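Colleague: model this:
(one chain, ligands or ions: 1)
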Amino acid sequence: MPRITAARVIVTSPGRNFVTLKIETEAGIYGLGDATLNGRELAVASYLADHVAPCLIGRDAHRIEDIWQFLYKGAYWRRGPVTMPAIAAVDTALWDIKGKIAGLPVYQLLGGASREGVMVYGHANGRTIEETIDNALHYQEQGYKAIRLQSGVPGLASTYGVSKDRYFYEPADADLPTENVWSSEKYLRSVPPLFEAAREALGWDAHLLHDIHHRLTPIEAGRLGKDLEPYRPFWLEDATPAENQANFRLIRQHTTTPLAVGEVFNSIWDAKQLIEEQLIDYIRATVVHAGGLTHLRRIASFADLHNVRTGCHGATDLSPVCMAAALHFGLSVPNFGIQEYMRHTAETDAVFPHAYGFADGLMHPGDQPGLGVDIDEELAARYEYKRAYLPVNRLQDGTMTNW
Ligand SMILES: O=C(O)C(=O)C[C@H](O)[C@H](O)CO
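Modeller: This is a model prediction of the structure:
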C-alpha cells in the first residue's frame with residue numbers, strides 16, 4: 001500500500017497567493033492539491049499544517065473515500081470555507097497519487113472521457129460597451145465559443161469584473177480592502193444595451209454569459225433576466241446571495257433566462273433546495289472550495305437527477321492544480337455544462353507547469369498520469385506571501401452591501 005509519509009503546505013505568490021498541499025508516499029510518488037481561499041489563505045494553510053497533516057501520516061493513500069469521511073466527520077465541526085478547501089486539497093492530491101500509481105490520467109479513473117473536450121468561457125470586459133465588445137471579438141478570434149461580458153457602469157467609478165488588463169483580472173489587490181461604491185439602479189440600466197450590442201457584433205452562435213456577483217435582490221434579478229431574454233444569454237450568474245436558497249424561486253417565477261450559482265458553496269447542503277426544486281440550471285461549485293473531486297462528483301450526480309448541469313468556477317485565484325482537476329472532472333462528468341477559464345499569468349504558469357491546453361474553444365487536461373500538473377518548489381520559494389484582500393462594496397449612501 002502507498003503509505004503517506006509527508007504532507008507539506010506550500011504558500012507561494014507568483015503574481016497572486018496560492019496554497020498548495022503536497023502529499024508524499026513511501027514509493028516516492030506524490031500528489032498535489034489546491035487549498036487557496038482568496039483573501040483568507042493562511043487560515044487554510046494553518047488548518048492543513050496544524051490539524052490535518054498530522055492525521056495523514058501512515059495512512060494508505062489509496063483510501064480516498066475513507067480519508068475524506070475521516071476528515072469531514074472526524075473534525076466534528078462540519079463544512080465551511082476553511083475546512084472544505086483543506087479536505088479538497090487532501091482529496092485532490094490523493095486522486096493525483098492514484099492516477100500516477102495506475103499510470104492513468106485522473107479522468108480515466110473517473111469513468112473516462114464523456115466528450116472530446118471541455119467547453120470553457122473566457123472573460124471579455126471593458127470600461128465601456130465598445131471596449132467590452134472589442135475584447136469579446138478578440139476572444140471569438142481565438143476560437144472561444146463562450147464569452148462572459150462585464151462592462152463598466154456609467155456613473156460608477158469601478159465595478160466587478162472590469163480589469164485594467166485585457167486578459168488578466170485580479171480583484172484582490174490591496175494590503176487592506178479597497179472600498180467600492182455600488183448602485184443597482186445604474187447597473188440594471190447598463191446590462192441590456194451591452195447584450196444588444198454583443199449580439200449585433202458577435203452573432204447568435206456565441207454563448208454569452210454575465211455575472212451579477214450577488215448584487216441584486218431577487219425581484220431585481222428577475223427583472224434583469226426578463227430584460228435579457230431577447231438576447232438569449234447562456235446564463236446569469238450569482239443573481240442574488242444564496243444563503244436563503246428559496247430566494248431563487250422569485251427569480252424563476254419571472255424569467256426563463258438560465259441561472260447559475262454556487263462558486264462560494266462548500267458542500268452539497270448549500271445547493272440542496274436549489275437543485276431539488278430546479279431553481280437553477282448550472283451549479284458553480286468547484287473542486288477546491290467544495291471538498292475536492294470526491295464531493296464535487298456527489299454534487300454533480302445529485303444535480304444530474306434534476307437536470308442541473310455543471311459550470312465550475314475557474315477564476316485566477318483557483319490555482320492550476322485546481323484547473324487541472326476541474327478539467328478531469330469536466331471531461332468525465334455526464335452532466336457537464338461549461339467551465340470557467342480565466343487564464344493565469346506567465347509567473348503562475350511557470351511555478352505550476354501543466355499538461356492541460358486550449359484549442360478551438362475547448363480545453364483538455366492532457367494524458368499524463370495523475371492530474372498532469374506539478375509545482376516547481378524552488379521557483380515557488382522565490383515568491384513570498386503578500387497579504388491581499390478582495391474589495392468591499394458600499395451603496396451610494398454608505399451602507400455596506402455585497403461585493
Ligand atoms: O469568476 C467568477 O465568476 C468570480 O466571481 C470570481 C470571484 O470574484 C473570485 O473568485 C473571488 O475570489
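Colleague: Report the separation between His344 and Asn38.
Modeller: 14 Å (C-beta to C-beta, to the nearest Å). No exception for glycine: its C-beta is placed from N, CA and C like everyone else's.
Colleague: more crowded one of those two?
Modeller: A side-by-side neighbour count of His344 and Asn38, using other C-beta atoms under 10 Å, places His344 first with 24 against 19.
Colleague: contacting residues around that one?
Modeller: The contact partners of His344, by C-beta atoms under 8 Å, 6 or more residues apart in numbering, come to Gly15, Thr316, Ser319, Pro320, Met323, Phe352.
Colleague: Which helix or strand contains the nearest residue to Val351 once chain neighbours are set aside?
Modeller: Closest residue to Val351 apart from its sequence neighbours, by C-beta to C-beta, 6 or more residues apart in numbering: Pro14 at 4.5 Å. Under DSSP states H and E, no helix or strand contains Pro14.
Colleague: Pretty sure Pro14 sits against Glu347.
Modeller: Yes - applying C-beta atoms under 8 Å as the test, Pro14 and Glu347 come out as touching, 4.0 Å apart.
Colleague: if we can go back for a sec, ok, the contacts of His344 vs the ligand, which is closest?
Modeller: The nearest member of the contacts of His344 to the ligand, counting by C-beta to the nearest ligand atom, is Thr316 at 7.6 Å.
Colleague: That closest one: how many residues sit nearby?
Modeller: Counted with other C-beta under 10 Å, Thr316 comes out at 22.
Colleague: so it is in which element?
Modeller: Using DSSP H and E, Thr316 sits in no helix or strand.
Colleague: Three-state assignment for the nearest residue to it once chain neighbours are set aside, please.
Modeller: Excluding the flanking residues, the one nearest Thr316 by C-beta to C-beta, 6+ apart is Met342, at 4.9 Å. Taking DSSP: H, G, I helix; E, B strand; the rest coil as the rule, one finds Met342 in the coil state.
Colleague: wait, what's in contact with Met342?
Modeller: Gly122, His123, Tyr169, Gly314, Ala315, Thr316.
Colleague: Between the two ends of stretch 120-139, how far is it?
Modeller: 11 Å (C-alpha to C-alpha, to the nearest Å).
Colleague: And the ligand, is it touching that?
Modeller: No - Stretch 120-139 lies out of reach of the ligand by C-beta under 6 Å from any ligand atom, never closer than 7.8 Å.
Colleague: so how far is that stretch from its chain's centroid?
Modeller: Its chain's C-alpha centre and that of stretch 120-139 lie 20 Å apart, by C-alpha atoms, centre = their mean, to the nearest Å.
Colleague: Any buried residues in it, and which?
Modeller: If you call a residue buried by 16 or more other C-beta atoms under 10 Å, then stretch 120-139 has these buried ones: 120-127, 129, 131-133, 135-137, 139.
Colleague: re earlier: could you save the contacts of His344 as TSV and add columns showing distance to Gly222?
Modeller: As requested, the contacts of His344 are exported to TSV (distance: C-beta to C-beta, whole Å):
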residue	distance to Gly222
Gly15	39
Thr316	31
Ser319	36
Pro320	37
Met323	33
Phe352	41
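Colleague: Could you measure from the spatially most central residue of the chain over to Gly262?
Modeller: For the chain, His313 is the residue whose C-alpha lies nearest the centre (C-alpha atoms, centre = their mean; 2.1 Å). For His313, the distance to Gly262 (C-beta to C-beta) stands at 8 Å.
Colleague: what sits in contact with each of those two?
Modeller: Common neighbours of His313 and Gly262, using C-beta under 8 Å, 6+ apart, are Arg284, Ala285.
Colleague: per-residue confidence averaged over stretch 332-344?
Modeller: Per-residue pLDDT over stretch 332-344 has a mean of 97.
Colleague: Just the terminal-to-terminal distance for that stretch.
Modeller: Chord length of stretch 332-344, first to last residue, is 24 Å (C-alpha to C-alpha).
Colleague: Report the buried residues of it.
Modeller: Ser332, Val333, Asn335, Phe336, Gly337, Ile338, Gln339, Glu340, Tyr341, Met342, Arg343, His344.
Colleague: before we move on, the earlier item: mind listing the shared neighbours of Pro14 and Glu347?
Modeller: Tyr383.
Colleague: the more surrounded of these two?
Modeller: More crowded of Pro14 and Glu347, by other C-beta under 10 Å: Pro14, with 21 against 15.
Colleague: give me every residue that touches that one.
Modeller: Pro14 touches Thr345, Glu347, Thr348, Ala350, Val351, Leu379, Ala380, Tyr383, counting by C-beta under 8 Å, 6+ apart.
Colleague: The ligand: which of the residues you listed is nearest?
Modeller: Nearest to the ligand, judged by C-beta to the nearest ligand atom, of the contacts of Pro14 is Thr348 at 14.4 Å.
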